[in-house]
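# heads up, no residue letters with this:
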């Protein structure tokens, strides 16, 4: 009984949330999505429409602007989903990317008493036993956690990241709603795009699940500490293990300034050009040497310390690169420098990023045309960010599907270039990239590496030959016993099945109405009764009424579903 009551309450909360989502979608001009969502979840009480004045106001804004506004109003989980979309210019057009990049986690801080209780529950001690002082007002607040300053009994200043109470349950519920909505978004909001909302929601759910568990961020931060321990230009905040848990991350408090612009940096007695170079080398080292990188290197995630030292923070969003990813980036850079499209196209093909719909000749021509646009410019005048955005557009239009981590890598390069240019207008990221790319090329053709590859290929070939008889025997046995199966997966087939089911239902109801009308017309002229109780004429009239009710219901259903 208690379980049933809990499930009922949960369902009512979800239903209320769906109604709110429908209202926000209508408000921002996505009535087609709202109608579909309302029909799927039977949200009868939300059938209002946008007033004429509201429609005129909405019409003045672009579709990407309206999507950004709707996500902002729907709250932190939807904002984070929009932020994830903004990192995928390979999937959505540039105008959507630029608009969704404006999304920020502007949320009210949690009440002091609640956050203190969360801290004490996580660490199992009273606040006075833990610290000599604790700043109740947060120094930063996000949708998942907020950061407070504290002083330990040893006099050490630390920054404590505290997860918001109950945030895990909220995100689980919101992710379930997003999953339910994914198919609808494909058929309405993103109907003309190549984006797969279901896949995006899965990626988002996995990323947020990791971000909610602060032990993941702690591991990431420790890895950065190890990787940059010998780099005098980068300082990663030390972790205070004794104050850490699944919902708490404590670290060294950084006394520094935000590198917002060159003027602020200069006023602090630092050199903007050196800071720009340090920031770029920080990202390039991660990408080319470590294969593990900070996925959001914007100015807000850096502090500046004396001697132009950069202190990165917030290691919740990281990504890992395969050797294939780095090799592909290498070929993209060299294609830009050498003005040759072929290496890039070959690398995309070898990395199995091309779709069956991809025309490689058209892809090569598109890349060549883009590279030719910048061919006569000196390297330092080539707008790397703009060029990469155009390459993303080419990938999208030619059905090229790079993995998420590769796209994040290119976005990180674009972000750090923007950061560096804001400090040093003469900064040239391609010049910085060249030595890394050339070195990677030399490593690829080194004798030691070539011999290693040949040895691996020989081992794989030997293993294949040794297993071939057994595999063929197993295949023949399955054929002989009639157990051979071939599975075919068709994307978005469920939408076709739903449409066919809906059509067949309407046809069935139409046949029932027709049968009732014919039967009633035959009964009305007859005299007599059925079993001595009901007259034939009464049955006929009742049949007419039933047909009218079903017909009216079917008409309303068709109109609401925009089936006319």
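Here it is on my side, so go on. Keep in mind the model is a prediction, meaning the values are calculated, not measured.

# Identify the residues contacting residue 295.
87, 317, 318, 319, 408, 411, 412 (C-beta atoms under 8 Å, 6 or more residues apart in numbering). All C-beta atoms are positioned from the backbone trio N, CA, C, and that covers glycine.

# The strand or helix carrying residue 512 packs against which elements?
In the assignment (DSSP states H and E), residue 512 maps to helix 493-523. Contact here means 3 or more C-beta pairs under 8 Å, 6 or more residues apart in numbering; DSSP states H and E; on that basis helix 493-523 packs against helix 167-187, helix 536-560.

# Out of these, which is closest to residue 369?
helix 167-187 (30.6 Å; C-beta to C-beta).

# So for that closest one, mean pLDDT?
The pLDDT scores in helix 167-187 average 77.

# before we move on, the earlier item: compute the inter-axis angle for the helix holding residue 512 and helix 167-187.
Here the directions of helix 493-523 and helix 167-187 differ by 70 degrees (axes from the mean of the first three to the mean of the last three C-alpha atoms, to 10 degrees).

# tell me which residues of helix 493-523 are tucked away?
For helix 493-523, burial by neighbour count (16 or more other C-beta atoms under 10 Å) applies to 513, 516, 517, 520, 523.

# mind checking pLDDT for the first one?
It stands for residue 513. On the pLDDT scale, residue 513 gets 81.

# so it touches residue 551, yeah?
Yes. In this structure residue 513 lies within contact range of residue 551 using C-beta atoms under 8 Å: 5.2 Å.

# any chance of the contacts of residue 295 in a markdown table, plus secondary structure?
Shown next, in a markdown table, are the contacts of residue 295 (DSSP: H, G, I helix; E, B strand; the rest coil):
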| residue | secondary structure |
| --- | --- |
| 87 | coil |
| 317 | coil |
| 318 | strand |
| 319 | strand |
| 408 | helix |
| 411 | helix |
| 412 | helix |
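
# Show me where the stretch 151-300 of the chain has its strands.
Taking DSSP state E, counting those that start in this stretch as the test, the strands found in the stretch 151-300 of the chain are 157-163, 248-252, 292-294.

# The ones you listed: lowest mean pLDDT?
strand 292-294 (a mean of 91).

# Sheet-wise, list the partners of that strand with their directions.
Take DSSP bridges as the rule and strand 292-294 pairs in its sheet with strand 318-320 (antiparallel).

# Check which residues of the strand it pairs with are buried.
Going by neighbour count (16+ other C-beta under 10 Å), the buried part of strand 318-320 is 318, 319.

# who's in contact with the closest residue to residue 359 other than its chain neighbours?
Of all residues not flanking residue 359 in the chain, residue 398 sits nearest, at 7.0 Å (C-beta to C-beta, 6 or more residues apart in numbering). By C-beta under 8 Å, 6+ apart, the contact list for residue 398 reads 358, 359, 362, 363, 366.

# which one of those sits closest to residue 330?
Nearest to residue 330 among these, with distances taken as C-beta to C-beta, is residue 363, at 18.7 Å.

# For residue 292, which residues are in contact?
Residues near residue 292 by C-beta under 8 Å, 6+ apart: 223, 227, 286, 318, 319, 320, 321.

# ok, back up a step: want to throw the helices and strands packed on helix 493-523 into JSON lines with mean neighbour count and distance to residue 72?
Formatted as JSON lines, the helices and strands packed on helix 493-523 follow (neighbours: other C-beta atoms under 10 Å; distance: least, C-beta to C-beta, whole Å):
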{"stretch": "helix 167-187", "mean neighbour count": "18", "distance to residue 72": "15"}
{"stretch": "helix 536-560", "mean neighbour count": "14", "distance to residue 72": "29"}
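
# got TSV for those, with distance to residue 393 too?
Shown next, in TSV, are the helices and strands packed on helix 493-523 (distance: least, C-beta to C-beta, whole Å):
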stretch	distance to residue 393
helix 167-187	21
helix 536-560	38
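
# Ok, which of those comes nearest residue 354?
That would be helix 167-187 among the helices and strands packed on helix 493-523, by C-beta to C-beta, at 22.2 Å.

# Measure how the helix holding residue 512 sits relative to helix 536-560, angle-wise.
Using the same axes, to 10 degrees: helix 493-523 against helix 536-560 is 150 degrees.

# what's the offset of helix 493-523 from the middle of its chain?
41 Å (C-alpha atoms, centre = their mean, to the nearest Å).

# go on, stretch 243-253?
26 Å.

# so how far is stretch 117-134 from its chain's centroid?
On the basis of C-alpha atoms, centre = their mean, stretch 117-134 sits 35 Å off its chain's mean C-alpha point.

# Kindly report the same for stretch 312-322.
Distance, stretch centre to chain centre, for stretch 312-322: 15 Å (C-alpha atoms, centre = their mean).

# Over to stretch 353-363?
On C-alpha atoms, centre = their mean, the centre of stretch 353-363 falls 24 Å from that of its chain.

# can you pull the buried residues of that stretch?
353, 354, 358, 363.

# That stretch - what's its average pLDDT?
Per-residue scores along stretch 353-363 average to 88.

# ends of that stretch, how far apart?
Stretch 353-363 stretches 12 Å from its first residue to its last (C-alpha to C-alpha, to the nearest Å).

# Show me the contact partners of it.
345, 348, 349, 394, 398, 399, 400, 401, 402, 403.

# just the buried members of these?
Using 16+ other C-beta under 10 Å, the buried ones in these are 345, 348, 394, 398, 400, 401, 402, 403.

# From the residues you listed, pick the one nearest residue 255.
Using C-beta to C-beta, residue 403 is the member of the buried ones among the contacts of stretch 353-363 that lies nearest residue 255, at 38.9 Å.

# The closest one reaches residue 325, doesn't it?
Yes. Residue 403 lies in contact with residue 325 (C-beta under 8 Å); the separation is 7.2 Å.
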